[in-house]
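> This is a predicted model, with the sequence first.
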Amino acid sequence: GAVVSQHPSWVICKSGTSVKIECRSLDFQATTMFWYRQFPKQSLMLMATSNEGSKATYEQGVEKDKFLINHASLTLSTLTVTSAHPEDSSFYICSASSPSGFYEQYFGPGTRLTVT
Amino acid sequence: AQSVTQPDIHITVSEGASLELRCNYSYGATPYLFWYVQSPGQGLQLLLKYFSGDTLVQGIKGFEAEFKRSQSSFNLRKPSVHWSDAAEYFCAPRFGNEKLTFGTGTRLTIIP
């Protein structure tokens, strides 16, 4: 149980275009989902926290107009990277809070974004 | 200020040898403590967690961790590593009602 999926697993897009990444909780309802960014050989950096039906809370320094997060249902959150640039290339990971409480998070497999 | 430290950036051990990965935190109380493992190009998998109670916790894949309040530590151990344990390991405390805070990670290399 408590499986989180992400789609796509990798994507290549051209500079200036937008790309959407989906995060789904497959067998549980996730009221809270999180989006992280990870640079090569570095730790995870929390970008934003999203609660179903409300606006996401972004971490300091994260451009909310560039990284659009939507959490429209209890099983789906999306991250859209708008007007992507090469510096947005990264590994994006989502997670969902455990159905048993907020203390645990279950992580998706990640999405590798390359902007050319 | 709240913080987490993983002092070892990279550790190399021989297959079959024991392993200990260090994690220290700075906080005025006892946080919830987690260890996650990340295989190359993958997301994170929860190894084990500590909330309260018995300070020695057992996790998956033969891992265990011991919480030591006096040392503000939550070190991860395994008595005998396997080649498949090669990965990145993250200690992640949760301070109060705040979000998870990830350490910088320790990369584990296994040599035959």
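Okay, I see it.
> got the residues of chain B near chain A?
B:32, B:34, B:36, B:41-46, B:49, B:51, B:90, B:94, B:97, B:99-100, B:102-105, B:107 (Cβ under 8 Å from any Cβ of the partner chain). (Glycine included, C-beta is placed from N, CA and C.)
> which ones among those are found in strands?
Among the residues of chain B next to chain A, DSSP state E puts B:Y32, B:F34, B:Y36, B:L44, B:Q45, B:L46, B:K49, B:F90, B:R94, B:R107 in strands.
> out of those residues, which one sits closest to B:L56?
Using Cβ to Cβ, B:K49 comes nearest to B:L56 of these, at 12.8 Å.
> Grab the nearest non-local neighbour of that closest one.
B:F34 (4.9 Å; Cβ to Cβ, 6 or more residues apart in numbering or on different chains).
> Among the residues of chain B next to chain A, name the buried ones.
Neighbour counting by 16 or more other Cβ atoms under 10 Å in any protein chain shown classes B:32, B:34, B:36, B:42-46, B:49, B:90, B:94, B:99-100, B:102-105 among the residues of chain B next to chain A as buried.
> Could you look up the SS state of the residue of chain A most remote from its centre?
The centre of chain A is farthest from one residue, A:S100, which by Cα atoms, centre = their mean lies 21.2 Å away. Secondary structure assignment for A:S100 (DSSP: H, G, I helix; E, B strand; the rest coil): coil.
> Might you report the residue contacts of it?
By Cβ atoms under 8 Å, 6 or more residues apart in numbering or on different chains, no residues touch A:S100.
> For chain B, see how far away A:S5 is.
Distance check for A:S5 against chain B: by Cβ to the nearest Cβ, to the nearest Å, it reads 10 Å.
> Helix or strand: which one has that residue?
strand A:4-7 (DSSP states H and E).
> So for that strand, mean pLDDT?
For strand A:4-7, mean pLDDT rounds to 95.
> Around chain B, pick out the residues from chain A.
Where chain A comes near chain B, counting by Cβ under 8 Å from any Cβ, the residues are A:4, A:6, A:34, A:41-44, A:46, A:49, A:91, A:93, A:95, A:102-110, A:112.
> Next step: those residues restricted to helices.
Counting by DSSP state H, no part of the residues of chain A next to chain B is found in helices.
> Quick one, which of these are buried?
By 16+ other Cβ under 10 Å, the residues of chain A next to chain B give A:4, A:6, A:34, A:43-44, A:46, A:49, A:91, A:93, A:95, A:104-110 as buried.
> In chain A, which residue is most central in space?
A:W35 (3.6 Å).
> show me what contacts that one?
A:C23, A:L46, A:M47, A:A48, A:S50, A:F67, A:I69, A:S77, A:L79, A:Y92, A:I93, A:C94 are the contacts of A:W35 under Cβ under 8 Å, 6+ apart.
> And for A:S77?
If you count contacts by Cβ under 8 Å, 6+ apart, then A:S77 has A:E22, A:C23, A:A30, A:M33, A:W35, A:S50, A:I69, A:N70, A:H71, A:C94, A:A96 around it.
> Those residues into CSV, with extra columns for distance to A:I12 and pLDDT?
Listed next are the contacts of A:S77 as CSV, based on distance: Cβ to Cβ, whole Å; pLDDT from 0 to 100:
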residue, distance to A:I12, pLDDT
A:E22, 17, 97
A:C23, 19, 96
A:A30, 28, 86
A:M33, 25, 93
A:W35, 20, 96
A:S50, 25, 91
A:I69, 22, 95
A:N70, 23, 91
A:H71, 26, 89
A:C94, 19, 95
A:A96, 26, 92
